[in-house]
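Participant: build me a model:
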Amino acid sequence: MLLNLIETHCNVLSVDKFYMKHNNHGFDQSLFLYLASVTFPEFENAKQWRDISFNRLVDEIGVAFTSEGVHVENSP
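Facilitator: Below you'll find the model as predicted:
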């Protein structure tokens with residue numbers, strides 16, 4: 001039952017419409033999706049999740065840090 005829950009959760013996280021781009025929630029979503037994809041490679045969509053989450057993480061990191069490597073803080 002737990003594996004079914006993880007698989008369903010990852011399928012939802014992989015949908016672009018559900019993804020919260022360029023904020024801490026989007027980063028966390030992408031990180032979980034990536035970790036689940038490498039932890040459970042036996043899932044049918046694991047490779048797709050890994051590819052999606054890796055690309056999202058690269059984008060999130062690119063937005064969260066300046067070219068000098070300084071973190072961009074979005075909250076006061």
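
Participant: residues in contact with residue 46?
Facilitator: Each residue near residue 46 by CB atoms under 8 Å, 6 or more residues apart in numbering is listed here: 36-38, 40. (C-beta placed from N, C-alpha, C; glycine too.)

Participant: also residue 19?
Facilitator: Residue 19 touches 13, 26, 29-30, 56, counting by CB under 8 Å, 6+ apart.

Participant: so which of these sit within helices?
Facilitator: 13, 26, 29-30, 56 (DSSP state H).

Participant: most surrounded residue in these?
Facilitator: residue 30 (26 neighbours; other CB atoms under 10 Å).

Participant: quick check: closest non-adjacent residue to that one.
Facilitator: residue 56 (4.0 Å; CB to CB, 6 or more residues apart in numbering).

Participant: next one: residue 49
Facilitator: In space, residue 49 is closest to residue 37, 3.9 Å off (CB to CB, 6+ apart).

Participant: that neighbour sits in which helix or strand?
Facilitator: helix 24-39 (DSSP states H and E).

Participant: about what we covered before: and the contacts of residue 19, which is closest to residue 64?
Facilitator: Residue 64 lies nearest to residue 26 out of those, by CB to CB, at 10.0 Å.

Participant: so that closest one touches residue 63, yeah?
Facilitator: No. At 9.2 Å, residue 26 does not count as touching residue 63 under the criterion of CB atoms under 8 Å.

Participant: residue contacts, the residue nearest in space to the middle of the chain?
Facilitator: Among the residues of the chain, residue 30 comes closest to the average C-alpha position under CA atoms, centre = their mean, at 0.7 Å. For residue 30, the contacting residues are 13, 19, 53, 56-57, 60, by CB under 8 Å, 6+ apart.

Participant: rewinding a little: how about the helix holding residue 37, which residues are buried there?
Facilitator: 26-27, 29-30, 32-34, 36-37 (16 or more other CB atoms under 10 Å).

Participant: any idea how far stretch 36-44 is from the chain center?
Facilitator: 14 Å (CA atoms, centre = their mean, to the nearest Å).
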